[in-house]
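Peer 1: The amino acid sequence is not available; the structure is as follows:
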């Protein structure tokens, strides 16, 4: 079956970011101070396990950023040379998760359940062949469907699958660990057993041991969930019967876009305006200071609310701009990133301005000026590298706050499009579920725990990066 | 001192004008009043007459900046900018979609907002500063380590979780306090208990960790060593010296939010059904009541600027080295 690739705007920004990250990595590898700082991050065990966990999230997000429109089955009258593509935009992640996406139940069902969560009237043909209506928990259409009538076997089936998954996960992880030890042994010219011990003791270099432990947790968890996901709803289903696991996995991309693309907006604004204000001083400085004091004095949520409201009016009054619903939701997500970026550059700009004011009085800058080096060159050559640590620290510190902000904004009604799956919309849709009888806890639990793990990892990595880059902390 | 305050107040004027212009641009230049009318009226009833009527009722039928049709001062005053934006300086915020006077509504809704925000702020400050002091006092021990771990974990939890989880635990499972609501008389404490508690707990993580860093920085200074060398007890040093000196950076972050307490908290008020300014804002956002959102943006900025001035004044009170010339 053929398909038509679709490049959504947010995809473009995500892949641009990947490109920028690769470029920045290559550039900082050639800058000894930055390289040393990154090496300090790599030695930090907590930081590296957090980074491993985050890369798993990023991987899911990237797979979810390759979009396409599948080809519809040709109807008899269609021109075979002109294929018709579905209006629905899917991602590679959707394709990988097809059973999760398509196996929709009628309404709520508990994690790993084979029956619905509330009793309902149904007609059952008894042993004598007569239809009788009874009130019972309805059998799920997909959850545990392979068991047939033998539902009692569900627990044993799940246990068996988990055991199998555990074995597979352990095998995969052992292979990776051994491979790593093998590379170690080759590089250092020591026997495999010695390399294995060195790997685990972690006396120097990157904290491979911490990364391996985190990797073990990720692989085993992924295997456990993945092995049962096709046959059961591992995290249950929501009100309209959609798989919660699928929603949680889709939310990851939204959170990443909010957290990363926003920095793409913040960064140039803050760096350019901050440096220009600090370096040129005078009326330029006054103007820029006025600009950020004014923007800063509007409470963040209210400014975002006002801007998002106006954007909604703009989107609603111009439906002709968007060809698919996915495109509209996507542009709204991007607009939210831009609005968040426009309201959050002020802090970093002020920090940079203060630092530049300090740096420009130092002898080497004064000397450069006396030699007649152009301003642009001084900024690029002498100031920017000495500001990098502030920029990098600010970048990693902002990420977790933005992910948390998305949930709150979506709850308030000024976040992402209601049709876009995100942690915020999941929580917003599920907020009344705890007052149901029986309690529907799985949607909220899944959304909150995934968000918590993601933000915690980001916070821990941010701490490691700050410790490594801040000259006051890194001795 | 007085001259300084006056000068700071004068500085605030251009900033407020800037805020006013930004909100005006956001609400009237990005979208024309016609767009807003179409949005508010819905797709079905959109006729040119209906749009004109909607605009006339709200005074959006005037030109944006310059009204050439009237004489004298009317050229400036009979415009959307003057009526809707400039008059906010005089405390005239116009009417909401339901026809009520916004300024009056704000005055009555301020009380419940403050009833939640003020206790949350005071109790929160007390709890976080005490906790941070404890962490700093037991620095480099297991208590400090696990305390910081707890802080990082707590700041990684969504604010929504604290509210939803707290409501479920205390109101639904233990049935200790009502789940939501508000009352104007002395009985109100039953409604306020849970929101205040949740507000305090959700704020501990980030602030306690930050205060701890400030305390540790202060502890590393020479005067602390001198005080120790002279035989002062650890407790005296902590409370008599470290706490007092650390107040300056703490004040920077704290005083600025005091005026903003009037605005209430969006999330808490909407979850607990408290008729304050936070829920007023949320309702306005959901109903797309542009006039109310505009008014709240302006008031928020005024309060923030008041907070900045208060911060500067509070510096002189805690730090005798700072003098305003």
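Peer 2: Perfect, thanks for sending it. Only a predicted model underlies this, so the values are computations on that prediction, with no experimental measurement involved.

Peer 1: Quick check, the residue in the stretch 51-200 of chain A closest to chain B?
Peer 2: residue A:53 (12.4 Å; CB to the nearest CB). C-beta coordinates here come from the backbone N, C-alpha and C atoms, glycine included.

Peer 1: Can you tell me the closest non-neighbouring residue to that residue?
Peer 2: The shortest distance from residue A:53 to any non-neighbouring residue, by CB to CB, 6 or more residues apart in numbering or on different chains, is to residue A:457 (4.4 Å).

Peer 1: Which positions in stretch B:203-217 come out as buried?
Peer 2: Neighbour-count burial for stretch B:203-217, counted by 16 or more other CB atoms under 10 Å in any protein chain shown, picks out B:203-216.

Peer 1: Give me the residues contacting stretch A:34-52.
Peer 2: Defining contact as CB atoms under 8 Å, 6 or more residues apart in numbering or on different chains, one finds that stretch A:34-52 is touched by A:28-29, A:202, A:204-207, A:209-211, A:213-215, A:218, A:385, A:388-389, A:456-458, A:460-461, A:463-465, A:467-469, A:474.

Peer 1: from these, which would you call buried?
Peer 2: With neighbours counted using 16+ other CB under 10 Å, these contain these buried positions: A:28, A:206-207, A:209-211, A:213-215, A:218, A:388-389, A:456-458, A:460-461, A:463-465, A:467-469.

Peer 1: thinking again about what came up before, show me what contacts the residue of the stretch 51-200 of chain A closest to chain B?
Peer 2: A:214, A:218, A:453, A:457.

Peer 1: After the strand or helix carrying it, which helix or strand is next? Please name it.
Peer 2: Secondary structure assigned from DSSP states H and E places residue A:53 in helix A:45-63. Using DSSP H and E, the next helix or strand after helix A:45-63 towards the C-terminus is strand A:67-70.

Peer 1: which residues touch whichever residue of the stretch 1-150 of chain B sits closest to chain A?
Peer 2: Going by CB to the nearest CB, chain A is nearest to residue B:18 of the stretch 1-150 of chain B, at 3.7 Å. Shown in contact with residue B:18 (CB under 8 Å, 6+ apart): A:290-291, A:294.

Peer 1: please redo it, this time with the cut-off set to 10 Å
Peer 2: Residue B:18 sits next to A:290-291, A:293-295, A:297-298, B:301 when contact means CB atoms under 10 Å, 6 or more residues apart in numbering or on different chains.

Peer 1: Where does the prediction get shaky in chain A?
Peer 2: Along chain A, the parts satisfying pLDDT under 70 run over A:1, A:77-80, A:473-475.

Peer 1: wait, what's in contact with residue A:391?
Peer 2: Neighbour list for residue A:391: A:263, A:267, A:270-271, A:274, A:348, A:351-352, A:384, A:469 [criterion: CB under 10 Å, 6+ apart].

Peer 1: can you do 8 Å?
Peer 2: Per CB under 8 Å, 6+ apart, neighbours of residue A:391: A:267, A:271, A:348, A:352.

Peer 1: three-state assignment of the residue lying closest to the last one once chain neighbours are set aside?
Peer 2: The one in question is residue A:352. Spatially, and ignoring its direct neighbours in sequence, residue A:352 is nearest to residue A:274 (3.0 Å; CB to CB, 6+ apart). Here residue A:274 is recorded as helix under DSSP: H, G, I helix; E, B strand; the rest coil.

Peer 1: Run a quick neighbour tally on residue A:274.
Peer 2: 26 (other CB atoms under 10 Å in any protein chain shown).

Peer 1: Go ahead and confirm it touches residue A:347.
Peer 2: No: judged on CB atoms under 8 Å, residue A:274 makes no contact with residue A:347 at a distance of 10.0 Å.
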